[in-house]
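1. Here is my input, please return the structure:
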Amino acid sequence: MNCKACNYSLWNLPGRACPECGLAYRPSEFAFTRGSVAFKCPHCAQGYAGTSRQGHLEPTAFHCLKCGHELAMDQMILVPAAGVAEAMTTPQSNPWERGQLLGMGPFGRWYRTARMALNSPGKLGRALWQDSGSARRAANFAMWTWMAVFALSALVFAIFTIPVSLISARSLQFHVLLKRVLSPTLASLLPMLTAAVLVAVAAHIVLLVTGSLPIRRELRRSHFAAAGRTLSVFAYASVPALALIVPFLGWPIFFISLLVIAGMMLQTAHRVSGLRAAASVLAPITLVTLVVATFTIGLPMLEAYRATFVAPAQTANSNQMMIARERTAFIVNSLDTMRLSNADNPAAEGDGAQPLHPAKLFAPGTFVINPADANGAPIGLATDNTNAPAASPSPANPSSIQNPTLDQSELIAFRIGDFVFTYPPISVAPKSKPVPQGVWVVVFCPNPDRLIDPELAGAVIVGIADSGRIATHTFPIDRWPLVLAAQNRVRAQHGLAPLPDITLLRESEPARAGPTPPPVPAHPLAPAP
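-> Numbers count the residues shown, from 1 in each chain. The predicted model follows:
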């Protein structure tokens, strides 16, 4: 029997105020194990045993059999009965907290507490309220539980993993087997443990939001004590984690049992209503479920509705942008494959080697995204070489491209259709001379001389092929000046000439090296700030 404010022991005291903090109390406010407390007459010290369900006297008022004085239970002096330990006087004592006083070992205390959490969670929660247990000791209980779960799960994985590994590999080293067992064990248990901790924190937040908590004024650390009690509840409610050793069905059993046990314990540990305790454990799960359902079901349905009824044109434009990305990656990959195939070509190493024009490597329709544009205007070759055809070929007549070559003198960029090639030698560069890291190979930016799709004009796609890596990156047009400036810094590191604003480059005007280009102005199609 301890003071509810400062936890001071109130046994064998004639007064009815705590000597430590002055809080008034009455013996009838406490519950005891039946027959564990002796109620002594304050006049003659005659003892009487409490025989009611609460361990109180029956009746509560009578005359002393020894001295004849009229007695009331709240006037008597209380002491533990002869041969009864103080820890045994509390009817709903926490075995993990008090079992050591009764001579129990760690396993016995854990087993009794686990059984109490599964069979009588309400009593265990009431014990948390009465005993003001330590959150640190509750965390130790949870640690014992999760260690048992980890050991049993590792054993299950080992039973299925080791025989299969030995049959397939004939012999395996111990550390390899250990890794194959521990890796899936940790991967399956850590998310569950993290989720349980987050649910505990969220449950306490819901309790604080939905009303005040009876905090018992515990040494002016009331809010910390309430938070510690909530965490203690979930620590003792972690016993169902043992179900995680069951494949596939373990995690739903664990979470459902955790929520049920924790809800019943919160009701008695904080002395709140059952509805409020249930809301505190169900609200976080409901919120997570709604968020997941929104992203997995709601957003796809909304997108399908918009695509069907609201904005079919936007869907087409999005498809055009996807085609542009795929086409950019295809061109970069093809050019890199050509470079690798010429790794053993002696002519590619010589000074007289002339890189093939990309128009010779692809069908003319490759260089435009909108087929209507390809059929409506010819695609130029942007060469200065006299061996090139005199007239620009038409996509309708691809055979008019007669092996054009490039005049590379100071050439740094040229356009074919909707694509600008910014590193021309890739078509025949030997394998020993890969593309410098981070340097663009080709850039998708719609031809300014053609009718531009608004969706395609809103972004620029760059293709990179370095160190065996093919990648494309999409940038909004309003960030283009910053992106181009960053690329020119990369080119400067590799000794390459800076690029001008290639989004405005025309097929008939390839860019050649010269003085440093002026800063890139805002693109005419960029949205106004």
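2. all helices for the stretch 101-250 of the chain, in order.
-> All helices of the stretch 101-250 of the chain, identified by DSSP state H, counting those that start in this stretch, fall at 106-119, 121-131, 135-169, 174-209, 222-236, 250-269.
3. for the stretch 401-529 of the chain, same thing?
-> Here the stretch 401-529 of the chain has its helices, by DSSP H, counting those that start in this stretch, at 454-457, 480-493.
4. Nearest to residue 88, out of those helices?
-> Residue 88 lies closest to helix 480-493 among the helices of the stretch 401-529 of the chain, at 74.6 Å (Cβ to Cβ). Just so you know, the C-beta spots here come from the backbone N, C-alpha and C atoms, and that holds for glycine as well.
5. re earlier: by mean pLDDT, show me the worst of the helices of the stretch 401-529 of the chain.
-> When those are compared by mean pLDDT, helix 454-457 comes last with a mean of 72.
6. residues contacting residue 38?
-> Taking Cβ atoms under 8 Å, 6 or more residues apart in numbering, we find residue 38 in contact with 47-49, 78-82.
7. picking up where we left off before, for residue 160, find the nearest of the helices of the stretch 401-529 of the chain.
-> Checking the helices of the stretch 401-529 of the chain against residue 160 by Cβ to Cβ gives helix 480-493 as the closest, at 50.4 Å.
8. who does the closest one touch, helix- and strand-wise?
-> Using 3 or more Cβ pairs under 8 Å, 6 or more residues apart in numbering; DSSP states H and E, the elements in contact with helix 480-493 are strand 459-466.
9. Quick check: which ranges of the stretch 51-200 of the chain have low pLDDT?
-> 87, 91-92, 99-103, 130-133, 164-177 (pLDDT under 70).
10. Out of the contacts of residue 38, name the ones that lie in strands.
-> Using DSSP state E, the members of the contacts of residue 38 that fall in strands are 47-49, 78-80.
11. could I get those residues as JSON lines with neighbour count and distance to residue 147?
-> Shown next, in JSON lines, are the ones in strands among the contacts of residue 38 (neighbours: other Cβ atoms under 10 Å; distance: Cβ to Cβ, whole Å):
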{"residue": "47", "neighbour count": "17", "distance to residue 147": "46"}
{"residue": "48", "neighbour count": "18", "distance to residue 147": "47"}
{"residue": "49", "neighbour count": "14", "distance to residue 147": "43"}
{"residue": "78", "neighbour count": "20", "distance to residue 147": "40"}
{"residue": "79", "neighbour count": "18", "distance to residue 147": "40"}
{"residue": "80", "neighbour count": "19", "distance to residue 147": "35"}
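12. Pipe those into CSV and attach distance to residue 358 per row.
-> Formatted as CSV, these follow (distance: Cβ to Cβ, whole Å):
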residue, distance to residue 358
47, 105
48, 105
49, 102
78, 97
79, 99
80, 95
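13. Would you point out the most distant pair within those?
-> 48 and 80 (13.9 Å).
14. May I see the helices of the stretch 401-529 of the chain organised as CSV, with mean neighbour count and distance to residue 440 added?
-> Below are these laid out as CSV (neighbours: other Cβ atoms under 10 Å; distance: least, Cβ to Cβ, whole Å):
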stretch, mean neighbour count, distance to residue 440
helix 454-457, 16, 18
helix 480-493, 16, 6
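15. For residue 105, find the nearest of these.
-> Comparing the helices of the stretch 401-529 of the chain under Cβ to Cβ, the one sitting nearest is helix 480-493, at 66.0 Å.
16. now the angle from the closest one to strand 459-466?
-> For helix 480-493 against strand 459-466, the angle by axes from the mean of the first three to the mean of the last three Cα atoms, to 10 degrees is 20 degrees.
17. Could you give the backbone dihedrals for residue 63?
-> Dihedral angles of residue 63 (phi, psi; degrees, to the nearest 10) stand at phi -100, psi 140.
18. just checking, it touches residue 70?
-> Yes: between residue 63 and residue 70 there is a contact under Cβ atoms under 8 Å: 5.5 Å.
19. coming back round to it: between the contacts of residue 38, which is nearest residue 105?
-> residue 80 (23.3 Å).
20. Which residues does that closest one form beta bridges with?
-> Under DSSP bridges, the beta-bridge partners of residue 80 are residue 37.
21. Pull the contacting residues for it.
-> So residue 80 contacts 11, 36-38, 86, 88-89 (Cβ under 8 Å, 6+ apart).
22. roughly how far apart are it and residue 38?
-> Distance, residue 80 to residue 38, using Cβ to Cβ, to the nearest Å: 7 Å.
23. cool, residue 1 as well?
-> In this view, residue 1 and residue 38 are 12 Å apart by Cβ to Cβ.
24. any residues in contact with both of the two?
-> Common neighbours of residue 1 and residue 38, counting by Cβ under 8 Å, 6+ apart, are residue 78.
25. End to end on stretch 86-104, go ahead and measure it.
-> Taking Cα to Cα, to the nearest Å as the measure, stretch 86-104 stretches 15 Å from start to finish.
26. Next, count neighbours for the closest residue to residue 449 other than its chain neighbours.
-> Using Cβ to Cβ, 6 or more residues apart in numbering and skipping the chain neighbours, the partner closest in space to residue 449 is residue 506 (6.1 Å). Other residues near residue 506 come to 14 when the count uses other Cβ atoms under 10 Å.
27. Let's verify residue 4: helix, strand, or coil?
-> Assigned with DSSP: H, G, I helix; E, B strand; the rest coil, residue 4 falls in the coil class.
28. Isn't it up against residue 23?
-> Yes: between residue 4 and residue 23 there is a contact under Cβ under 8 Å: 6.9 Å.
29. So between these two, which is more surrounded?
-> residue 4 (20 against 14).
30. Residue 20 versus that one, what's the distance?
-> Taking Cβ to Cβ, one finds residue 4 at 12 Å from residue 20.
31. And the helices of the stretch 401-529 of the chain: which comes nearest residue 413?
-> Nearest to residue 413 among the helices of the stretch 401-529 of the chain is helix 480-493 (10.9 Å), distances taken as Cβ to Cβ.
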